[in-house]
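[1] Mind looking at a prediction? Sequence and model below.
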Amino acid sequence: MAVDPVTGTDTASTGGIYTTAPTRTPKQSLDSEAFMQLLVTQLRNQDPSSPMDTNQMISQTTQLAMMEKLTSMDSISQESFALQMRTSAAALIGHTVSYLDKNGDTQTGTASSVSYAGAVPVVTVGDKQINLDSILGVVTPTA
């Protein structure tokens, strides 16, 4: 075992004086992993003569479970919205729709196809590609 003469630390465990400490990129949101790390750190560093209140620990565990369920509900909600957009776009085929063109003028035409390649479905109206959220109105076709 080599000992650094300047700091008196074991160079085998610290990696020597010429190595850099690994950099950690901070997370932009708290997830269940970060919450659990905080809870474990809190438990490790608590004063043995005055341990954490069990009610507080149960409360924090409940908050973790609630956060996980809310995250799950958010994901399901986003999937549901995407499915609704796809269904709505498909229902436009054969209908006359109105939309704003690049000049801000209202145009109309018959929707002939739908593309789901992007995040927002794209409806083909004549020779134009119109995002679903840019369509202003729909007219039911006459028989």
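    Arrived safely. Numbers count the residues shown, from 1 in each chain.

[2] right, and the helix or strand after the biggest helix by length in the chain?
    The longest helix of the chain (DSSP state H) is helix 54-91. Using DSSP states H and E, the helix or strand that follows helix 54-91 towards the C-terminus is strand 96-100.

[3] Mind listing what's buried along that next one?
    96-97, 99 (16 or more other Cβ atoms under 10 Å). From N, CA and C alone the C-beta is placed, and that goes for glycine too.

[4] Stretch 129-143 now?
    130, 132, 135.

[5] list the contacts for the second one?
    Taking Cβ atoms under 8 Å, 6 or more residues apart in numbering as the criterion, Leu132 is in contact with 85, 88-89, 92, 120-123.

[6] Report the rounded mean pLDDT for the longest helix of the chain.
    Averaging pLDDT along helix 54-91 gives 89.

[7] same for that helix, what does it pack against?
    The elements that helix 54-91 packs onto, with contact taken as 3 or more Cβ pairs under 8 Å, 6 or more residues apart in numbering; DSSP states H and E, are helix 32-44, strand 106-115.

[8] Met85 reaches Gly118, doesn't it?
    No - when contacts are counted by Cβ atoms under 8 Å, Met85 is not listed as touching Gly118 (10.7 Å).

[9] Neighbour count for the two, which is higher?
    More neighbours surround Met85 than the other of Met85 and Gly118, with 16 against 9 (other Cβ atoms under 10 Å).

[10] Now for that one: which residues touch it?
    120-121, 132.

[11] Flag every buried residue along stretch 44-56.
    The neighbour-count check on stretch 44-56 (16+ other Cβ under 10 Å) flags nothing as buried.

[12] CA atoms only: put it into CSV for me.
    Written as CSV, here are the backbone C-alpha positions of stretch 44-56 (Å, rounded to 0.1, in the frame of the first residue of the first chain):
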residue,chain,number,x,y,z
ARG,A,44,-27.5,6.4,8.0
ASN,A,45,-26.8,9.8,9.4
GLN,A,46,-29.5,9.9,12.1
ASP,A,47,-28.5,10.3,15.7
PRO,A,48,-28.7,6.9,17.5
SER,A,49,-29.8,8.6,20.7
SER,A,50,-32.8,10.2,18.9
PRO,A,51,-33.8,8.0,16.0
MET,A,52,-36.2,9.1,13.2
ASP,A,53,-39.8,9.2,14.1
THR,A,54,-41.6,6.2,12.6
ASN,A,55,-44.6,8.4,11.7
GLN,A,56,-42.2,10.6,9.7
